[in-house]
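A.B. asks: Need a 3D model of the sequence below.
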Amino acid sequence: MRHRVYGSKLGRNKNERVTLFKGLARQLFLHGTIITSESKAKAVKGIIDKIINLAKNKNSQRLLETYFTNRLIQERLIKEIAPKLQNRVSGYTSLVRLGEREGDRTTLVKMSLIGMEELKPL
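C.D. replies: Numbering: from 1, shown residues only. Model (predicted):
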């Protein structure tokens, strides 16, 4: 039974999972939208919310360095993304199902930031 067990392992150990989630978050903030499997998108959704909430709070912006070492992504989060999402509390991403991948029949989704359709890739 999976009582009180949070999150999915996605067939990876902890270090691989953390690296995967950071990579997905980095690509989402760089491009505005990503195409990934549904299970990966659902697993990274909570981390995206935490990162945006850190960027919105002026006192905890230095904690963004634990997720991103690239200053361009940090500045983009603080100056472009966080001000547009200031009036939202959570739910910063949307998932749109695209269909199944031919190779392994995995459901693909398009994950995008809400209200960031005009966001240009870096």
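A.B. asks: shaky segments in the protein?
C.D. replies: Applying pLDDT under 70 to the chain flags the ranges 122.
A.B. asks: Break down it into its strands, ranges please.
C.D. replies: For the chain, the strands defined by DSSP state E occupy 33-37, 93-100, 107-113.
A.B. asks: Let me have those in CSV, adding mean neighbour count and distance to Lys56 as columns.
C.D. replies: Heads up, the C-betas are built off the backbone N, CA and C, glycines and all. CSV is the format used below for the strands of the chain (neighbours: other C-beta atoms under 10 Å; distance: least, C-beta to C-beta, whole Å):
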stretch, mean neighbour count, distance to Lys56
strand 33-37, 17, 21
strand 93-100, 13, 15
strand 107-113, 18, 13
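A.B. asks: Switch the ones you listed over to JSON lines; also include distance to Glu65.
C.D. replies: JSON lines is the format used below for those (distance: least, C-beta to C-beta, whole Å):
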{"stretch": "strand 33-37", "distance to Glu65": "22"}
{"stretch": "strand 93-100", "distance to Glu65": "22"}
{"stretch": "strand 107-113", "distance to Glu65": "21"}
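A.B. asks: Of those strands, which is nearest Gly7?
C.D. replies: strand 33-37 (15.4 Å; C-beta to C-beta).
A.B. asks: contacts for the closest one?
C.D. replies: Applying C-beta atoms under 8 Å, 6 or more residues apart in numbering, the external contacts of strand 33-37 come out as 24, 27-28, 98, 101, 106-113.
A.B. asks: Compute the inter-axis angle for it and strand 107-113.
C.D. replies: Angle of strand 33-37 versus strand 107-113, following axes from the mean of the first three to the mean of the last three C-alpha atoms, to 10 degrees, is 150 degrees.
A.B. asks: Done for today, thanks.
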